[in-house]
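Enquirer: Dropping a prediction and its sequence here:
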Amino acid sequence: MISLIGIVVGLALFILLAYIGYNTIIVAIAAGMVVAMFGGLNPFTLLTEAFMPKAVGFMQGYFLIFLFSALFARFMGDSGAAPSIAIKVSRIAKKAKNRDMQRWLAVMVLPLIQLILTYGGVNVFVVVFILVAIARSLFKDLDIPWWMYSCSCLGSSTVTIGMLPGSPQIQNIIPCQYFGSTTMSAPVLGILCSIITFIIGSAYIWWQCKRTNKKGEGFYPTGDLIDKEQLVEASVENEKPLWQCLLPMIVVVVVLNVLKQSAVIALFSGCVVAWLLYDPRKQNLKKIFSGAMPQAIMPLITVCCASGFGGIVAAVPGFQTIVGSLDALGTNPLTIVLIVNVCSGICGSASSGENIALQNFADRFIATGIPGDQLHRLVAMSSIGLDTLPHSAGIITMLSTTKLTHRQAYINNFILSLILPIVMACFAAMLISMGFYL
């Protein structure tokens, strides 16, 4: 019982310290040591024997995916392709005459761009670096509250991470090795849930836009800090044709899902196409490579440490109590949603939580008799609920980049990328329970 209390205390400490702005890497280690001490184990021993193996194991498995995703993002950003997409989509918003509609369309530009970029292979951690300058220019021009930026998660932290079939995001790749499935698993179920999610999320954003407009909220004061940042903003002068912007991303999706190559090969192919397409003579490869490294390494280390924290939790006696309690519920589609969400919540990371859940429960999931494709889609969808608690690596990356605080902007993440995905995962579980195997 004391060990179980320690897990709760450690997780609460993790969330609290992350919420008030402490570095996630240090927080993961500190919270892990608290869990170990409550479990009656030597915290330094567990850092060596539980934390590091999980952290290093995650890095070994996914380092190249993060690396080539960051490189791909740099090629798309530095070439002007990503900003060009943003410019083209944002023009639609500026044409609206109704103030509520204009504000809604402008905010909806962000999740649409996020959806395009993340489905095209740009890592969800990296896409914020591309989007923030575009968003600042658009929001400032139309006097939209800067805290509404966090609504962009509808296009990345929900649909393309776990729902849309064929997504090259890591959460849609991890289940393949456990269920013998592919990234295209359960296409009808995934597309159906994606459409419903986007409709509900869009309605929520419309409500927020009307509310802020009625209250007379503008870009300031939440935009004060980001307004002082030196950002390279999108320029119409270097705007690319739409086909050039989309072709590298199409290549990534086709290589991954049609040619059935690995995510690393798919992302590498996208990098090569982007490099060749946007005139290699004008691209500074040294700048691209050096810029991609921090965008790949820091998010990866953060997620690895979240996975390491989960490794410590899995090593203490209290975790077996949790496992026993979950086993007592029986294994069915709804309990799979619960199990994966709990693991993601513990880690503050969808990918780390998904990994730990499958390492401990994959055999139980398979024993239910649910086809591998449906298990794949359900697990991927279930990983994107409680992973969005305040200590989430993705949330912290987004807030630090946009110069916002949890208090200012977290409400949109809570509704759009925590509550809504859990509801949709439960909906998918109910359909699977009724034999919906498409």
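Expert: In hand now; what should we look at?

Enquirer: make it CA atoms for all contacts and neighbour counts henceforth
Expert: OK.

Enquirer: low-confidence ranges in the stretch 1-150 of the chain?
Expert: Along the stretch 1-150 of the chain, the model assigns pLDDT under 70 to residues 86, 89, 126, 129-130.

Enquirer: what do you get if the cut-off is 90, keeping everything else the same?
Expert: The model of the stretch 1-150 of the chain has pLDDT under 90 over residues 1-4, 7-8, 11, 14-28, 39-40, 50, 54-103, 105-106, 109-110, 112-143.

Enquirer: residue ranges for the helices of it, please.
Expert: Taking DSSP state H, counting those that start in this stretch as the test, the helices found in the stretch 1-150 of the chain are 2-19, 24-38, 43-46, 52-78, 81-95, 99-119, 127-142.

Enquirer: I'd like these laid out as CSV, including distance to Ile173 and mean neighbour count.
Expert: Below are these laid out as CSV (distance: least, Cα to Cα, whole Å; neighbours: other Cα atoms under 10 Å):
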stretch, distance to Ile173, mean neighbour count
helix 2-19, 27, 21
helix 24-38, 24, 23
helix 43-46, 29, 18
helix 52-78, 10, 22
helix 81-95, 24, 20
helix 99-119, 13, 23
helix 127-142, 18, 20
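
Enquirer: nearest to Thr405, of these?
Expert: helix 2-19 (8.4 Å; Cα to Cα).

Enquirer: out of the helices of the stretch 1-150 of the chain, which comes closest to Gly180?
Expert: Of the helices of the stretch 1-150 of the chain, nearest to Gly180 by Cα to Cα is helix 52-78, at 17.0 Å.

Enquirer: Please name every helix or strand in contact with the closest one.
Expert: helix 127-142, helix 263-277, helix 285-315 (3 or more Cα pairs under 8 Å, 6 or more residues apart in numbering; DSSP states H and E).

Enquirer: gap between it and the chain center?
Expert: Helix 52-78 sits 14 Å away from the centroid of its parent chain (Cα atoms, centre = their mean, to the nearest Å).

Enquirer: That helix to helix 81-95, inter-axis angle?
Expert: 70 degrees (axes from the mean of the first three to the mean of the last three Cα atoms, to 10 degrees).

Enquirer: so how many other residues sit close to Gly435?
Expert: For Gly435, the neighbour count with other Cα atoms under 10 Å is 10.

Enquirer: Show the contacting residues for it.
Expert: When the contact criterion is Cα atoms under 8 Å, 6 or more residues apart in numbering, Gly435 has no partners at all.

Enquirer: how about it, secondary structure?
Expert: Judged by DSSP: H, G, I helix; E, B strand; the rest coil, the three-state class of Gly435 is coil.

Enquirer: measure it to Thr160 for me?
Expert: Per Cα to Cα, to the nearest Å, Gly435 is found 24 Å from Thr160.

Enquirer: Repeat that for Leu142.
Expert: 28 Å.

Enquirer: can you count the residues close to Ile395?
Expert: Count around Ile395 with other Cα under 10 Å applied: 26.

Enquirer: Make sure it is actually in contact with Thr401.
Expert: No - the pair Ile395 / Thr401 is not scored as a contact, 10.0 Å apart, by Cα atoms under 8 Å.

Enquirer: and the residue most central in space within the chain, what element?
Expert: Among the residues of the chain, the one closest to the centroid is Ser157, at 4.2 Å (Cα atoms, centre = their mean). Assigned by DSSP states H and E, Ser157 belongs to neither a helix nor a strand.

Enquirer: Can you tell me the closest non-neighbouring residue to it?
Expert: Among residues not flanking Ser157 along the chain, Ser417 sits closest, at 5.9 Å (Cα to Cα, 6 or more residues apart in numbering).
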